[in-house]
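K.L.:
What would the 3D arrangement of this be:
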Amino acid sequence: MDIKEIVVDVEKYLDKEVKIFGWVRNHRKQKEFGFIDFSDGTCFGTIQLVYDNKLDDFLEIQKIKIGSSLEVNGTVIKSEGKGQEFEIKVQSIKVLGDCPDEYPIQPKRHTREFLREQAYLRPRTNLFNAVFRVRSITAMAIHTYFGERGYVYFHAPLITASDCEGAGQMFQVTTLDLDRVAKSGSVDYSKDFFGKSAALTVSGQLEAETYALAYKKVYTFGPTFRAENSNTKTHASEFWMIEPEIAFCDLEGDMDIMEDMLKYVVKYVLEHAKEEMEFFDKFVEKGLLEKLNKLINSKFTRISHHDVITILKEAKVKWEFEPKYGEDIAREHEKYITEYFDGPVFIKDWPKDIKAFYMKLNPDKETVAAVDLEVPGAGELMGGSEREADLNKLVSRMKDMNVPVEGMEWYLNLRKFGGCYHSGFGMGFERLLIYLTGVENIRDVIPYPRTPGNCDY
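P.N.:
Reported below is the predicted structural model:
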């Protein structure tokens, strides 16, 4: 049986015999008895095993090492010691998998850098056991939110011939012999697997738009890839994105959904991962629970990019990067604006020259109907826009931004064949996890991070 079954309903199992399987987290030996901290991964905490020298194989049990996997038969009893309400009095233990003394995950404090080098073992530590359980629970929250609201879960292709962001930071996919290509000095894509240049997707948005114009409400939730040589705490080459797309929805409606979804997911995680979230609040980020509960009860401010720049310019602050109309804002500006409004802030109507080609041009012809959500303590968490529904304006924008029209006819045809106004947004899953857990490095919220120069496991 699972340890979680016992933890959830101790009274049901008290004074009853149980059989459990799991791994040794710690082993404290005394002359006549011993204690084993035991985990099977089904819940955050461990359960204490108690054994004494009345057992025939007492001396053999004392030899059990940390990390070993065991089959345990025992009785659930009330604990006489501190730190736990109940424990299991051992009747028998069978070692299923021994573990040598050089086992890296010993019961001591390990640095996160060291544990990244032991990524295949780090979920056995308290921190990463909590992180990756919360990752699982958060994913379920996202699927539950959209599923309950009638969205169709759309699986966007991972291999694509289109660059959604137009930045060119894509990993190429090929079956060509690269040594031969290097010698020839030219590439004949007609002889490649797909007969054309192909790459790993940077976003499923464009394909999701096509399905939104059939199902009205869809969302993607899957891996995306960026060949961006960045070594910051918030960038990775492979990460997951949540990208809803909604037909007959304008920018204001888009913001309504962004706010509602985020509050739902945060509340869901707080309710379904109480032990883990209390652990993060105590050991990772003091005040985390207060921050998240405040977000749930906040009314998100909505303000234009122009007005944000005005506020920043009028602030009596010496900026490292001077805020300017028509330009992006820096991390220090994001922090200031969320503190200024004491809560999450939607910054909308961005200058067209710094945003993507598919965003709707506003009547002023200088800005687009785009929005970024800034949250206290994390900065930008989501970005969205109303999509350009006018074919001529879309083509003009693509030409202005040097985005090739060739190969994008299918996307342009959406504006010809029963097109309508529609909106969507994207949220980096790992950015959300950083915000939820307080674990500030993206490498520590992805099981096996892919970053420049790192593709282990």
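K.L.:
Buried ones in the helix or strand of the chain with the lowest mean pLDDT, by neighbour count?
P.N.:
The helix or strand of the chain with the lowest confidence, counting by mean pLDDT, DSSP states H and E, is helix 178-184 at a mean of 90. Using 16 or more other Cβ atoms under 10 Å as the test for burial, helix 178-184 gives no buried residues. Bear in mind the C-beta positions are built from the backbone N, C-alpha and C, glycine included.
K.L.:
How about residues contacting that helix?
P.N.:
Contacts to helix 178-184, defined as Cβ atoms under 8 Å, 6 or more residues apart in numbering, come from residues Val187.
K.L.:
which residue ranges form the strands in the stretch 51-200 of the chain?
P.N.:
69-78, 86-97, 152-153, 159-160, 172-173, 198-200 (DSSP state E, counting those that start in this stretch).
K.L.:
Show me the shaky parts of the stretch 51-200 of the chain.
P.N.:
164-168 (pLDDT under 70).
K.L.:
Show me where it has its helices.
P.N.:
58-61, 112-117, 126-148, 178-184 (DSSP state H, counting those that start in this stretch).
K.L.:
mean confidence for the strand or helix carrying Gly383?
P.N.:
Under the criterion of DSSP states H and E, Gly383 resides in strand 379-386. Regarding strand 379-386, the rounded mean pLDDT is 96.
K.L.:
can the strands of the stretch 51-200 of the chain go into CSV with extra columns for distance to Glu252 and mean neighbour count?
P.N.:
Shown next, in CSV, are those (distance: least, Cβ to Cβ, whole Å; neighbours: other Cβ atoms under 10 Å):
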stretch, distance to Glu252, mean neighbour count
strand 69-78, 55, 16
strand 86-97, 53, 16
strand 152-153, 23, 14
strand 159-160, 31, 15
strand 172-173, 39, 14
strand 198-200, 34, 19
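K.L.:
Need these in TSV (columns: distance to Phe239).
P.N.:
Shown next, in TSV, are the strands of the stretch 51-200 of the chain (distance: least, Cβ to Cβ, whole Å):
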stretch	distance to Phe239
strand 69-78	32
strand 86-97	33
strand 152-153	19
strand 159-160	16
strand 172-173	18
strand 198-200	12
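K.L.:
quick one: contacts for Phe346?
P.N.:
255, 258-259, 300-303, 371-374 are the contacts of Phe346 under Cβ under 8 Å, 6+ apart.
K.L.:
Apply 7 Å and report the result again.
P.N.:
Phe346 makes contacts with 255, 300-302, 371, 373, as judged by Cβ atoms under 7 Å, 6 or more residues apart in numbering.
K.L.:
Of the residues you listed, which is the most crowded?
P.N.:
Greatest neighbour count in the contacts of Phe346, by other Cβ atoms under 10 Å, goes to Val371: 26 neighbours.
K.L.:
that older thread, other SSEs contacting the strand holding Gly383?
P.N.:
Strand 379-386 makes packing contacts with helix 251-272, helix 331-340, strand 367-375, strand 422-428, helix 429-437 when contacts are defined by 3 or more Cβ pairs under 7 Å, 6 or more residues apart in numbering; DSSP states H and E.
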